[in-house]
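> sequence plus predicted model, see below.
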Amino acid sequence: MTTLIELTGISKTFLTEEIETRAIDSVNLVIKKGEYISLSGQSGCGKSTLLSLLGLLDSSTHGSYKLEGVDVSSLSRDQRAKIRSEQIGFVFQSFNLISDLTVFENVMLPLTYQSGLTKSVIETKVQQVLEKVEMSHRKDHFPSQLSGGQQQRVAVARALVNDPAIILADEPTGNLDSKNAETVLTLLDKLHQEGSTICMVTHDPASAKRAERCLEMFDGRLIADNINVKNNATAMPTPELAVG
Amino acid sequence: MSTFIDIKYALRLLFKAPKFTAMTLAVLIGGLSISLFTFSFLYSTMYKDIPLPNGDTMLSVNAEFNGAFQILNSYEFSVIKDQQTVLSEFGVYDKNDFRLSFDDSGKNVFGTYVDEGFFTFSSTKAIQGRTLQKADMAANAAPVAVISSQLWKNDYSSNKNIIGKTIIVNDIVTEIIGVMPQGYRFPGSSHLWLPIKSSMIKTSPKNANIVYLYGRIKPGISKAKAEQTLSQQLNALYQQSVTQYNLEKGTKSVQLLTFPFAQMGGQGTIIFTFLNVIAGMILLLACINVGNLLLARAIERQKETAIRAALGASSHRLVSQLMWEGIIITVLGGVLSVLLVGAALHYTNIILHSWNADALVFWWQWGMDKETLLMAIAFTLVTIFLSSFLPAWRSANQDINTTLRDGTRGAQGKKAGRLSRYLVTTQVFLVAILMLIGSMSAYVSHKFVNLEMGDDYSNVMTARMDLPSNKYPEAQQQIAFYQRLMADIKNHPKVVDVVTNNWLGSLSLTLDGVDYTDENSKPTVDTISVIGSTDTVGVDLVDGRFFDHQDKAGNRKVAIISQSMANRYWPGEAVVGKSFTLKVNDNNEKLFIVGVVTNRMNPATMLGKLNSADEIYISALQFMTSYQILYYRISGNLINSEEIFYQALYKTDRTIDLFYAVQPAEKNRGLMRDTMQLTSNLTFTTGFFALMLALVGIYGLTANSVAQRTHEIGIRRAVGATDKSIVQMFLKQGAKQLIIGLGLALIIFVLIAFGFNKMSEGIFPAYLYLVIGATVVIGLSVIVMLAIYAPTRRAVKMEPSSALRYE
């Protein structure tokens, strides 16, 4: 498997009212294409911050970040936005759909920020991903007219529509009941089987076990990197994981 | 306890957002202050009781004829006085201008001829001497006068032995018998009170004169009943006169008005309502802004409100908790507005009294009073209802379940967003209209202030008089009076020349050799009768000659026309010697042109050009009227030059009353210009205030709208939107509102400009309207776009991860 993401010595420090908080502390991480990774740890350990850095929603204080071999840690805001629209898909715990847009329009959103796509191409892609998450029949509804599970499936569709290199999911089942959670997790499993790279932050051990590689964080550091037994029958720290 | 916690929480929120608090407060103070000032100023002007003992029962007795305000005449007074049973006091007075002479100089003062009941009616006694009594009214009584405290102090150095001293009033030696208390100037701005003689109250319906009446209703009788009874008597009297003297048919009724209200010609309610409605609209604009800002805050806290509701807070509790922020800010705004308006009224009072103290009626005193304070409380309560209760009620009655389970947190609701957009569009429209009409008004005011009149009133004095028909019934007598008066004035070494004239109105013109289908198809021309040469007032001769002593009755009737008329009807021709027919006093008079003079501004085409309308001058020796306006030009300065006229008048006939005091001809025009300038400044200041109010509102609405969409911005950026695309998205949305608001305003402006251009005969070039329109469009677009860009840029600068966490 080829390397998709390579983090070297990544740190993120927040300065709030002169109090310095180190949310991410010298993390080194390699993610291969096609991997399904879970990221867990107790609250405040830095999982979501790491995911934001991986998704270029935020920039690191120190360290280097390579995406498909390209250093993206010092890109401009617009260059980062371009990468997000073309190579990254997000699924949030609180869905983060825009209430004034329909399901179809919400899913279409990342494509509207790409140039050179015709209307028919966009519509075909949106239709395909909505069918994949079985939400095409609700495409003209507004988010407030959907259940939590349905909203999250739409959010997954939005994350897929730009054929991203990686899907970043921040506790995608955190706001869902077990039935809806299972639906979303099955969807992610299916995407992984189809070749998608997924990195999912989760609290739930059962959800974490569905990934082939389980990372664990504590106080801003990666403290464990296990290969899931079910998927690969081994559980050992990988050489790429060096806790700094 | 819970209220205390709510107040503490509201204060914390206000301190947490100082910019929001300051902006909301500024909007509120602006709206409240304009409304409060307008109310207080107009209320004090029109509705306040006269500051005299029993002032609330003092009434001015007036008439209404076919819906129009009228003053009763002396005949009607003399008949009704004997018939009426509803008034305990009913008397007569007549306002006038008096000349006080001191050796070779003098001064004009406002005064009143009053009857014996006048001072009892106003419940005021003299501080020295006595007031007027019945014996003073007798025809053969010695001339006496009561003077004001101000006159006594300023002109007689507070002489303690003033009683019994004599002064010269209208050239009559008059004994001072009393001095009134400080501030007493009833019935308006009098400094002098003289007895009204029975000869001044003509009791014959044929020669009745206008008189002013006062009255007080008997205890136990309602005002409506008194009006009804007096109206029946007055109307019966009028109906007799209609048949007897062939008067205009109609119904006459009595109106019992307060003196301040009568001062406004009985039209106070319309003016009061109209101006208060405009001020109320500004307050409403402020309420919309503040209400929307508070609503935006409530929407931001929707989740918090839902959590409180979920935890068991009742609607009442939620509304009250949400309202405290608005209540605190509104009450604070109310208090600051009261202070601001108090100061503004105080300075307005000083300015107006220093500007023209003698012309102001004594009850016009502006300042903070009980009524204004009560209205401030009422305005504050209305503002609390509109801008605090309604948003709080709306927010408190949200669907808790939806809000709590809504994964689209923080995003503005569809309805709230639409409402916000409508409000921005409405505000853009209002501001654009204000700016467009304001710019045009400013230009018109500028034009008025610098109006080219076509004459020269510098160093010219003027006097207006009407000769009494019983003393001067024949035209020849009137001519003799005016010629003697003019000769006496002209004899003075300081006088350059004298002219009298009288505008006869627009008379029907028939040109020789032209066929007219009917009387209505004939042109009409402003006609002025003249004795003397018009170059006295700067209307100079271009061709031919001025009138002379030969142009009298019995000789060929002559006319002088303006250059514009000559060019209009005889272009390129010599007009002296030509003739036309003019309908003067219902007679078609053939007139021969003897001269051509320069053009002057006609009252009917005040906004037109000098040559928009024509003038015809006819010789007053051939077409005499008893009313004349006399002008005399002085060489050197005008100091004491009014005395020249009075000396000549007293020499000719001392019994003639003037319509107005002799004054520089420029004075009225200057007063008009000053009034125009003041009105223009007031309009501009109020308009500018309203403009700032609306602009702050637009900025606030946009800033809050953007703030509420910060989370949405985060989502859009998370899925790849660039900074530029986000800013463009907001600017595009703002541009839509701007285009709609500006478009509607421009349509209305085009209609107004079209109508105005037609009315003003294209005096303003067409490009001016384009310049005004373009300036407003560009200026407002830049301001609105900046108001949208600034908060959007701020929101975009936030990292997407922070924006996604933004509450």
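Alright, I've got the coordinates.
> from here on, just use CA atoms for contacts and neighbour counts.
Will do.
> and the helix ranked longest in chain B, anywhere near chain A?
Longest helix of chain B, by residue count under DSSP state H: helix B:665-708. No - if you take Cα under 8 Å from any Cα of the partner chain as the test, helix B:665-708 misses chain A, and the best it gets is 12.1 Å.
> now the residue nearest the centre of chain A. Its backbone dihedrals?
In chain A, the residue lying closest to the centroid (Cα atoms, centre = their mean) is A:Leu168, at 0.4 Å. For A:Leu168, the backbone dihedrals (degrees, to the nearest 10) come out as phi -110, psi 120.
> where does pLDDT dip in chain A?
Scanning chain A with the threshold set as pLDDT under 70 gives A:16-17, A:229-244.
> chain B contacts on that one?
Close to chain B, as judged by Cα under 8 Å from any Cα, chain A has residues A:52, A:57-58, A:77-78, A:80-86, A:88-90, A:94-100, A:109-110, A:113, A:143-144, A:148, A:151.
> helices - which of these land there?
Counting by DSSP H, those contribute A:52, A:77-78, A:80-86, A:109-110, A:148, A:151 to helices.
> okay, the residues you listed in JSON lines with distance to B:Ser441 and neighbour count next?
What follows is those, written out as JSON lines (distance: Cα to Cα, whole Å; neighbours: other Cα atoms under 10 Å in any protein chain shown):
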{"residue": "A:Ser52", "distance to B:Ser441": "58", "neighbour count": "21"}
{"residue": "A:Arg77", "distance to B:Ser441": "50", "neighbour count": "17"}
{"residue": "A:Asp78", "distance to B:Ser441": "49", "neighbour count": "16"}
{"residue": "A:Arg80", "distance to B:Ser441": "54", "neighbour count": "23"}
{"residue": "A:Ala81", "distance to B:Ser441": "51", "neighbour count": "26"}
{"residue": "A:Lys82", "distance to B:Ser441": "53", "neighbour count": "21"}
{"residue": "A:Ile83", "distance to B:Ser441": "56", "neighbour count": "20"}
{"residue": "A:Arg84", "distance to B:Ser441": "55", "neighbour count": "26"}
{"residue": "A:Ser85", "distance to B:Ser441": "54", "neighbour count": "28"}
{"residue": "A:Glu86", "distance to B:Ser441": "57", "neighbour count": "19"}
{"residue": "A:Leu109", "distance to B:Ser441": "49", "neighbour count": "24"}
{"residue": "A:Pro110", "distance to B:Ser441": "52", "neighbour count": "28"}
{"residue": "A:Gly148", "distance to B:Ser441": "59", "neighbour count": "22"}
{"residue": "A:Gln151", "distance to B:Ser441": "57", "neighbour count": "24"}
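> by proximity to chain B, which residue of chain A wins?
Per Cα to the nearest Cα, A:Ser85 is where chain A lies closest to chain B, at 3.7 Å.
> give me the mean pLDDT for the longest helix of chain B.
Helix B:665-708 carries an average pLDDT of 73.
> also stretch B:34-44?
Taken as a whole, stretch B:34-44 has a mean pLDDT of 86.
> go ahead and confirm B:Ile163 touches B:Tyr156.
No - using Cα atoms under 8 Å as the test, B:Ile163 is too far from B:Tyr156 to be in contact (11.2 Å).
> more crowded one of the two?
Legend: neighbour count by other Cα atoms under 10 Å in any protein chain shown for B:Ile163 and B:Tyr156, higher for B:Ile163 (17 against 13).
> the more buried one in helix, strand or coil?
Under DSSP: H, G, I helix; E, B strand; the rest coil, B:Ile163 falls in the coil class.
> any idea how far B:Lys107 is from it?
B:Ile163 sits 21 Å away from B:Lys107, going by Cα to Cα, to the nearest Å.
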